[in-house]
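Undergrad: what shape does this take:
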Amino acid sequence: MTARRTALSLVAISAVVWAISLAWLLLSLDAPTGEASWGFRGFGLINAIGFTTIGTIVALRRPSSVIGWFLLANGLLWSITEFDLEYAVQAIVGRPSPLPGGMFAAWLCSWQWTINVGLYPILFVIFPDGRISTPARRAVVAASVVVTALLALEMAFRPGPLQVAGFVDNPFTPLSPAAIDVLSTAVLVITFPMLLTAAGMIVQRFRRSVGIERQQLKWLAYAAVPVVLLGPLSAVVPGKPIQVLSSIVQLTMPAAIAIAVLRYRLYDIDVLINRSLVYGALTAVLAASYFAIVVVLQALLRPVVSGSELAVAVSTLATLALAQPLRRRIQDAVDRRFYRSRYDASRTLDAFSVRLRDEVDLDAVRSDLVDAVEHTVQPAHASVWLRGQP
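TA: Down below sits the predicted model:
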């Protein structure tokens, strides 16, 4: 009951902070805030609601798991960071007369986000059992704490516009530019080996894992792919839509972790990976085929007709005609490369059905049936009982 009350109390506090932050956001939506480090206001609010909600569900269902409390703590920290940012906007540029403490709130949110970022490597290395049981895990946790502290110091005392609240300059600059450069270099020097070590540990654990743990690691990897792809893309491609999409996609990571920890529909990950590979490859091939056909037809039809309407129409029809044959071929290639056992099982059943049509000897049918079951289901023991047979 204590864990349940703690989780509900934390989510209640976070909900109050969300409501106040959202109210300030709406009141100062048109305030001249400049460019924030994560591209748009409300980013922290999305993370706060997502992480807190998912963390609360895991903490209530698995109170003994550290993972749920990590997610809940991350959500609470995002809530506080967003609260400080929205108060700073409201206090400094969101109203005609400033409110007290606005500069301090802006300064706080400029480095508080580093704590949230620092929790990610720790969360990855303790997933899914929540234990820091090996020297390598302890080393990654220690390196993450050091990197977080150094990055927080750098963001807190870097001169110029604040990292998140870029509409004001940093009021606290006790460190020289040379010291700031040293902190920045130290962060880079420690971060990359730490991330490589954490990634190597996850890969090694996946290779050694079996059963439930292997499925849990698949969920983590499946959720990490879109985050890794969209994160750099949102930093390069201008515009808020891609940034909003990237922030929402980031929530797939805690969602996948929750599914893995709670073991809810755990084995569906194989279906998701299979469908993602098939339809991702199919989309890419169809898109490339469509544009290639459009270009070729436009070049061929330009002397005959003007405009590109006919080329686009023919390309669309050709692409639709290619969809099903390509999907079957890609599905077969994916099964053959990544799901070899299922592919071999399917081929075994097909061969058995072909033999069964022409076989008349009962003993031969029984032997073929046992062989097919052993090659597909792979039971510890298989036998066939026929009524009336000795």
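Undergrad: which strands and helices lie in contact with the helix or strand containing Gly44?
TA: Per DSSP states H and E: Gly44 is located in helix 43-61. Under the contact criterion of 3 or more Cβ pairs under 8 Å, 6 or more residues apart in numbering; DSSP states H and E, helix 43-61 touches helix 2-27, helix 66-92, helix 240-249, helix 252-262. (C-beta placed from N, C-alpha, C; glycine too.)
Undergrad: again, only using 10 Å
TA: Applying 3 or more Cβ pairs under 10 Å, 6 or more residues apart in numbering; DSSP states H and E, one finds that helix 43-61 contacts helix 2-27, helix 66-92, helix 102-126, helix 240-249, helix 252-262.
Undergrad: buried deepest among these, which one?
TA: Highest mean neighbour count of the helices and strands packed on helix 43-61: helix 66-92, a mean of 24 (counted as mean count of other Cβ atoms under 10 Å).
Undergrad: what is the rounded mean pLDDT of that one?
TA: Per-residue pLDDT over helix 66-92 has a mean of 90.
Undergrad: and for stretch 47-54?
TA: In this model, stretch 47-54 has an average pLDDT of 90.
Undergrad: again, but for stretch 18-29
TA: Stretch 18-29 comes out at a mean pLDDT of 87.
Undergrad: picking up where we left off before, among the helices and strands packed on helix 43-61, which comes closest to Ala284?
TA: Ala284 sits nearest to helix 240-249 of all the helices and strands packed on helix 43-61, at 18.7 Å, using Cβ to Cβ.
Undergrad: could I get the helices and strands packed on helix 43-61 in CSV, plus columns for distance to Pro226?
TA: Compiled in CSV, the helices and strands packed on helix 43-61 are given as follows (distance: least, Cβ to Cβ, whole Å):
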stretch, distance to Pro226
helix 2-27, 25
helix 66-92, 18
helix 102-126, 15
helix 240-249, 5
helix 252-262, 6
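Undergrad: out of these, which is closest to Thr185?
TA: Among those, the nearest to Thr185 by Cβ to Cβ is helix 102-126 (16.4 Å).
Undergrad: thinking again about what came up before, list the buried residues in the helix holding Gly44.
TA: 43-59 (16 or more other Cβ atoms under 10 Å).
Undergrad: just want the angle from it to helix 240-249.
TA: 20 degrees (axes from the mean of the first three to the mean of the last three Cα atoms, to 10 degrees).
Undergrad: just want the angle from helix 43-61 to helix 252-262.
TA: Using the same axes, to 10 degrees, helix 43-61 lies at 0 degrees relative to helix 252-262.
Undergrad: for helix 43-61, output the C-alpha coordinates as PDB.
TA: Taking C-alpha atoms only, helix 43-61 is exported to PDB below (Å, rounded to 0.1, in the frame of the first residue of the first chain):
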ATOM      1  CA  PHE A  43       8.000  19.600 -25.600                       C
ATOM      2  CA  GLY A  44       8.600  19.100 -21.900                       C
ATOM      3  CA  LEU A  45       4.900  18.900 -21.200                       C
ATOM      4  CA  ILE A  46       4.500  16.000 -23.700                       C
ATOM      5  CA  ASN A  47       7.300  14.100 -22.000                       C
ATOM      6  CA  ALA A  48       6.000  14.900 -18.600                       C
ATOM      7  CA  ILE A  49       2.500  13.500 -19.200                       C
ATOM      8  CA  GLY A  50       3.800  10.500 -21.200                       C
ATOM      9  CA  PHE A  51       6.600   9.400 -18.800                       C
ATOM     10  CA  THR A  52       4.500  10.000 -15.600                       C
ATOM     11  CA  THR A  53       1.500   8.100 -16.900                       C
ATOM     12  CA  ILE A  54       3.500   5.100 -18.100                       C
ATOM     13  CA  GLY A  55       5.700   5.100 -15.100                       C
ATOM     14  CA  THR A  56       2.700   5.200 -12.800                       C
ATOM     15  CA  ILE A  57       1.100   2.200 -14.500                       C
ATOM     16  CA  VAL A  58       4.300   0.200 -14.200                       C
ATOM     17  CA  ALA A  59       4.900   1.200 -10.600                       C
ATOM     18  CA  LEU A  60       1.300   0.300  -9.600                       C
ATOM     19  CA  ARG A  61       1.500  -3.100 -11.400                       C
END
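Undergrad: what are the ranges of the helices in the stretch 251-390 of the chain?
TA: Taking DSSP state H, counting those that start in this stretch as the criterion, the stretch 251-390 of the chain contains helices spanning 252-262, 269-301, 309-338, 340-358, 362-376.
Undergrad: state the mean pLDDT of the fourth one.
TA: So that's helix 340-358. Computed over helix 340-358, the average pLDDT equals 61.
Undergrad: got any ranges where the stretch 151-300 of the chain has weak pLDDT?
TA: For the stretch 151-300 of the chain, applying pLDDT under 70 flags the ranges 231-232, 234-239, 297-300.
Undergrad: now do 80
TA: Within the stretch 151-300 of the chain, the stretches with pLDDT under 80 are 227-247, 290-300.
Undergrad: surely Leu320 touches Leu286?
TA: Yes - between Leu320 and Leu286 a contact is recorded at 9.0 Å, counting by Cβ atoms under 10 Å.
Undergrad: the two: who's more crowded?
TA: Set side by side, Leu320 and Leu286 show more neighbours around Leu286, with 16 against 11, by other Cβ atoms under 10 Å.
Undergrad: measure the closest residue to the more buried one other than its chain neighbours to Gln331 for me?
TA: Nearest residue to Leu286, sequence neighbours excluded (Cβ to Cβ, 6 or more residues apart in numbering): Thr319, at 5.5 Å. Relative to Gln331, Thr319 is positioned 18 Å away (Cβ to Cβ, to the nearest Å).
Undergrad: which residues touch Leu85?
TA: 21, 24-25, 33, 36, 41-45, 105-106, 108-110, 112-113, 162, 164-165 (Cβ atoms under 10 Å, 6 or more residues apart in numbering).
Undergrad: how about 6 Å then?
TA: Neighbour list for Leu85: Cys109, Val164 [criterion: Cβ atoms under 6 Å, 6 or more residues apart in numbering].
Undergrad: understood, closing this out.
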